[in-house]
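J.: task: produce atomic coordinates for the following.
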Amino acid sequence: MKGIDIYSGQGSIDFSKVKASGVEIVYIKATEGVTYTDSTVRKYYNGAKNAGLKVGFYHFLRANDPIREAQNFLSALSGLSYDCKLAIDVEAALGQTTNQISSNVKQFSDYLKSQGLESCIYTYTSFYKNNLNSTVKDIPLWIAEYGVIRPNISTVYVGFQYSENGSVNGVNGSVDLNEFNDGIFMNSSNRGGNFVAPSISASDTVKIIQQQLNTLLKKGLVVDGINGSSTTAAIKEFQRTMGLVQDGIWGPKTVAAVTEIFSKPTDGVKYPHYEYATRYIQYRVGGSVDGVFGSGTEDNVKKWQANHGLNADGIVGNDTWNKLLNENS
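T.: Take a look at the predicted model:
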């Protein structure tokens with residue numbers, strides 16, 4: 001089943017056109033942390049329901065008391081009905097250990113269960129492998145990995161987000177694209193499978209790569225689906241920045257680097273080491289690109305943050321990542 005996930009940054013959406021395009025499921029961002037509620041959650045909900053779409057909601061998990069975060073989530077959903085499992089979006093370590101992150105996810109999920117509600121975990125392949133332990137592996141999984149037909153994971157999953165640069169009629173700009181099976185629904189006995197992304201042409205695959213390179217390198221490539229010299233040169237530049245073999249081939253290691261960057265892990269001197277993410281940060285803020293987040297990189301991040309109206313703390317969190325990826329300067 002084809003699905004998209006959305007948040008307030010998408011702006012106005014024509015859900016009738018979304019449904020007519022073949023989308024069946026819409027996941028809507030509801031909350032984050034213990035206080036934040038997305039401003040469009042109810043507007044999007046009404047639009048999706050009126051169009052006859054199946055609806056789910058997600059919460060971006062932060063490093064707070066997970067029970068309070070779960071209560072914030074359910075408070076925002078008061079009076080609403082939903083077809084899909086409630087998704088716990090966990091993709092940022094925020095200085096926590098694997099055991100701490102996993103405990104927070106488990107407590108959040110258990111609280112929802114105590115309220116008679118089922119949940120699933122949304123995360124990236126690299127985060128699932130590196131930051132979550134066996135205590136949460138029984139929670140259904142919605143996995144994100146881009147530029148591949150099948151995620152590089154043996155665990156079964158109920159959802160696969162295969163692109164963050166998709167195009168759907170009724171949505172302005174890029175939107176996340178997903179494939180789900182019926183295990184995503186509330187009260188489904190299906191534990192998941194290892195299904196693949198919908199069949200896309202080689203041209204469409206190249207377009208996705210070109211869109212990703214434009215976001216990462218600010219190259220302004222023409223998104224034409226033609227794997228020409230400019231696209232190959234941009235791939236090589238990205239590979240060089242990541243410390244990879246510069247063969248111009250969009251292979252597993254290049255995909256792993258892209259996926260790690262788009263997972264937007266919190267990065268800084270005192271945070272866990274993410275070589276690809278650190279290399280990209282260094283590429284954007286200036287200085288040596290060596291994959292080591294030291295004091296020099298911290299100083300450069302602070303200068304870049306100050307120049308872009310951010311809190312100059314030298315820590316690359318969600319706000320800084322959004323600026324790095326979404327602004328060209």
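J.: what about Leu80, neighbour count?
T.: When neighbours are defined as other C-beta atoms under 10 Å, Leu80 has 15 of them. Every C-beta, even on glycine, is put in place using the N, C-alpha and C of the backbone.
J.: what about it, is that helix, strand or coil?
T.: Put simply, Leu80 is coil when judged by DSSP: H, G, I helix; E, B strand; the rest coil.
J.: separation between the residue nearest the centre of the chain and Leu86?
T.: Centrality entry for the chain: nearest residue to the mean C-alpha point is Ser263, 5.5 Å, by C-alpha atoms, centre = their mean. According to C-beta to C-beta, to the nearest Å, Ser263 and Leu86 sit 21 Å apart.
J.: any idea how far Leu221 is from the residue located most distally from the centre of the chain?
T.: For the chain, the largest distance from the centre (C-alpha atoms, centre = their mean) belongs to Ser229, which lies 29.5 Å off. Using C-beta to C-beta, we find Ser229 at a distance of 11 Å from Leu221.
J.: how about Val26?
T.: For Val26, the distance to Leu221 equals 30 Å [C-beta to C-beta].
J.: give me the more crowded residue out of these two.
T.: For Val26 versus Leu221, neighbours defined as other C-beta under 10 Å are more numerous around Val26 (27 against 18).
J.: let me see the contact set for that one.
T.: Gly3, Ile4, Asp5, Ile6, Phe15, Val18, Tyr44, Ala48, Leu53, Lys54, Val55, Gly56 (C-beta atoms under 8 Å, 6 or more residues apart in numbering).
J.: you'd agree it is in a helix?
T.: No. The assignment for Val26, made by three-state DSSP, is strand rather than a helix.
J.: who is it paired with across the strands?
T.: On the basis of DSSP bridges, Val26 is bridged to Ile4, Val55.
J.: now do Tyr124
T.: Here Tyr124 sits in beta bridges with Ala144, going by DSSP bridges.
J.: surely it touches Trp142?
T.: No. Using C-beta atoms under 8 Å, Tyr124 makes no contact with Trp142, being 10.6 Å away.
J.: and these two? Which one has more around it.
T.: Neighbours were counted for Tyr124 and for Trp142 using other C-beta under 10 Å; Trp142 has more, 28 against 23.
J.: that one: which element?
T.: Using DSSP states H and E, Trp142 maps to strand 141-144.
J.: mind giving me the packing neighbours of that strand?
T.: strand 119-124, helix 125-131, strand 159-166 (3 or more C-beta pairs under 8 Å, 6 or more residues apart in numbering; DSSP states H and E).
J.: show me what the shortest one is in contact with.
T.: Strand 119-124 has contacts (C-beta under 8 Å, 6+ apart) with 58, 85-91, 105, 108-109, 112-113, 128, 132, 136, 139-145, 158-159, 161, 184, 259-260, 262-263.
J.: can I get it as CSV, trimmed to CA atoms?
T.: The C-alpha coordinates for strand 119-124 follow below in CSV (Å, rounded to 0.1, in the frame of the first residue of the first chain):
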residue,chain,number,x,y,z
SER,A,119,2.6,1.4,18.3
CYS,A,120,5.4,1.0,15.8
ILE,A,121,9.0,2.4,15.7
TYR,A,122,9.9,4.7,12.8
THR,A,123,13.7,5.0,12.3
TYR,A,124,16.5,4.8,9.8
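J.: dump the residue contacts of the residue nearest to the centre of the chain.
T.: When contacts are counted by C-beta under 8 Å, 6+ apart, Ser263 touches Glu91, Thr123, Tyr124, Ser126, Phe127, Ala144, Ala277.
J.: which one of these is nearest Lys323?
T.: Taking C-beta to C-beta as the measure, Ala277 is the one of these closest to Lys323, at 14.6 Å.
J.: what's the helix or strand for that closest one?
T.: Assigned by DSSP H and E, Ala277 belongs to helix 275-285.
J.: buried stuff in that helix?
T.: Neighbour counts over helix 275-285 (16 or more other C-beta atoms under 10 Å) mark Tyr276, Ala277, Thr278, Arg279, Tyr280, Ile281, Gln282, Tyr283, Arg284, Val285 as buried.
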